[in-house]
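[1] Sequence and predicted structure are below.
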Amino acid sequence: MNENIKMSKFAHITKVHPCFNEKIHDKVGRVHLPVAPKCNIACKFCRRSLGKEACEHRPGVSLTILKPEDVEEYLKRVLKEIPNIKVVGIAGPGDSLFNKETFETLEIIDEKFPDLIKCLSTNGLLLNKYYKKLADLNVKTVTVTVNAINPEILKDIVEWVYYNKKIHHNVEGAKILIENQIDGIKKAFDEGLVIKINTVLIPEINMNHVVEIAKELKDYAYIQNIIPLIPLYKMKNMRPPTCEELKRVREECEKYIPQFRACGQCRADSVGLIKERKILEEFFKEKNMEQNKNLDVFELKHFSH
């Protein structure tokens, strides 16, 4: 699709979405609902944290897990305290599409808060299964994390993939994930969803490959967000990219997909512009749900079968 046509087609959504429009990144608020703790792939850089461990500002982190039945009350409080909230998203701390609570939550939002723009982030493994359901629930934007389109590269980033009730390791798992991601992105685009591609830049693994992702998905992605590796978990000894490396890769990819440069690598429970945790903390304190603060995300089994 012609780039100008693609931009204008989605302008009514992206002009008020802070993760798609840098100009409003510090003006329009968003709220992430941490309703999706389980994940179906094991990225070597990902360490999910909950409760007392949730002191970091990064993806995969949340004070607690919000239950769908608490969503309406919580959102009413958020909107009352921060009236510039325009977007509600589901970004984990696991994979949104691997948790039935995601869809329960989206149904509640669609009924009770129809004016909010609904979005979610996903690893894309199940996007080709649920893209139509997302569209039917009036989800407008989907962020898909794509870190490689070559299985030989992705196997060094993703340790295993859980798909069709089986764990797939190494190249086998990487192939499944890549095929499903690309298929799901194309189907979601055809369904009218706005697609953002997130890519973690890992200098020692995919730095010279990221541009291939941009080339492959240029006709389907509205924008790409290349974010630096945060050295954690099994990649804790790997270095993040330098500012110059990040700049160079973004410029290479910008020849194919517009680049987003204002990402704050938000938590799964982010709220507003700067005020990230206070509302959720107060909400659960008042509801006397202190036990949730002691959750260990790895006690919440990866699998939902």
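    That came through, no problem. Numbering: from 1, shown residues only.
[2] what's the burial count for Ile149?
    20 (other Cβ atoms under 10 Å). Any C-beta I mention is one placed from the backbone N, CA and C, and that applies to glycine too.
[3] List the residues that contact the closest residue to Lys255 other than its chain neighbours.
    Setting aside the residues directly before and after it, Lys255 is nearest to Ala214 in space (Cβ to Cβ, 6 or more residues apart in numbering), at 7.6 Å. Contact analysis of Ala214 by Cβ atoms under 8 Å, 6 or more residues apart in numbering lists 197, 221, 224, 252-253, 255-257.
[4] Please repeat the previous calculation with a cut-off of 7 Å.
    224, 253, 256-257 (Cβ atoms under 7 Å, 6 or more residues apart in numbering).
[5] What about these, which are in strands?
    Of the positions in those, Gln224 sit in strands, assigned by DSSP state E.
[6] what's near enough to touch His168?
    By Cβ under 7 Å, 6+ apart, the neighbours of His168 are 160-161, 176.
[7] Let me know the secondary structure of it.
    strand (DSSP: H, G, I helix; E, B strand; the rest coil).
[8] Model confidence for the most centrally placed residue in the chain, exactly?
    Centroid-nearest residue in the chain, with Cα atoms, centre = their mean: Ser121, separated by 2.8 Å. Looking at Ser121, its pLDDT is 94.
[9] Check the gap between Leu232 and Cys46 for me.
    7 Å (Cβ to Cβ, to the nearest Å).
[10] Tell me which of the two has more neighbours.
    Legend: neighbour count by other Cβ under 10 Å for Leu232 and Cys46, higher for Cys46 (25 against 17).
[11] I'd guessed that one sits against Lys234; true?
    No - the pair Cys46 / Lys234 is not scored as a contact, 9.1 Å apart, by Cβ atoms under 7 Å.
[12] which residues in this structure form helices?
    3-9, 11-14, 68-81, 100-112, 127-136, 151-154, 170-190, 210-217, 243-253, 278-286 (DSSP state H).
[13] Which among these is found nearest to Pro203?
    helix 243-253 (6.2 Å; Cβ to Cβ).
[14] avg pLDDT for that closest one?
    Helix 243-253 comes out with an average pLDDT of 96.
[15] how close does Asn164 get to Gly173?
    For Asn164 relative to Gly173 (Cβ to Cβ), the value is 12 Å.
[16] quick one: which of those two has more around it?
    More crowded of Asn164 and Gly173, by other Cβ under 10 Å: Gly173, with 24 against 6.
[17] From Leu177, how far off is the closest residue to the more buried one other than its chain neighbours?
    The shortest distance from Gly173 to any non-neighbouring residue, by Cβ to Cβ, 6+ apart, is to Val161 (3.5 Å). Counting by Cβ to Cβ, the gap from Val161 to Leu177 is 5 Å.
[18] Looking at those two, which has the bigger crowd around it?
    Higher neighbour count among Val161 and Leu177: Leu177, with 27 against 24, using other Cβ under 10 Å.
[19] How about the contacts made by that one?
    Applying Cβ under 7 Å, 6+ apart, the residues contacting Leu177 are 41, 125, 154, 158, 161.
[20] Tell me the spacing between it and Asn150.
    12 Å.
[21] Make sure Val271 is actually in contact with Val78.
    Yes - between Val271 and Val78 a contact is recorded at 6.0 Å, counting by Cβ under 7 Å.
[22] of those two, who's got more company?
    Val271 (24 against 21).
[23] Run through the bridge partners of the more buried one.
    For Val271, the beta-bridge partners under DSSP bridges are Val31.
[24] how close does it get to Arg77?
    10 Å.
[25] Could you list the low-confidence segments of the stretch 201-305 of the chain?
    The model of the stretch 201-305 of the chain has pLDDT under 70 over residues 262-269, 272-281, 284, 287-305.
[26] Please identify every residue contacting each of Val161 and Leu177.
    41, 125.
[27] quick one: which of the helices of the chain is nearest Pro34?
    helix 278-286 (7.9 Å).
[28] coming back round to it: ok, so of the contacts of His168, who is nearest Val87?
    Taking the contacts of His168 together and measuring to Val87 by Cβ to Cβ, the closest member is Val161, at 29.3 Å.
[29] Run through the residues that contact the closest one.
    Counted by Cβ under 7 Å, 6+ apart, Val161 has contacts 41, 125, 168, 173, 176-177.
[30] bridging residues for it?
    Applying DSSP bridges, one finds that Val161 bridges with Ile41, His168.
[31] Might you list the low-confidence residue ranges for the stretch 51-200 of the chain?
    Looking at the stretch 51-200 of the chain by pLDDT under 70, you get 51-61.
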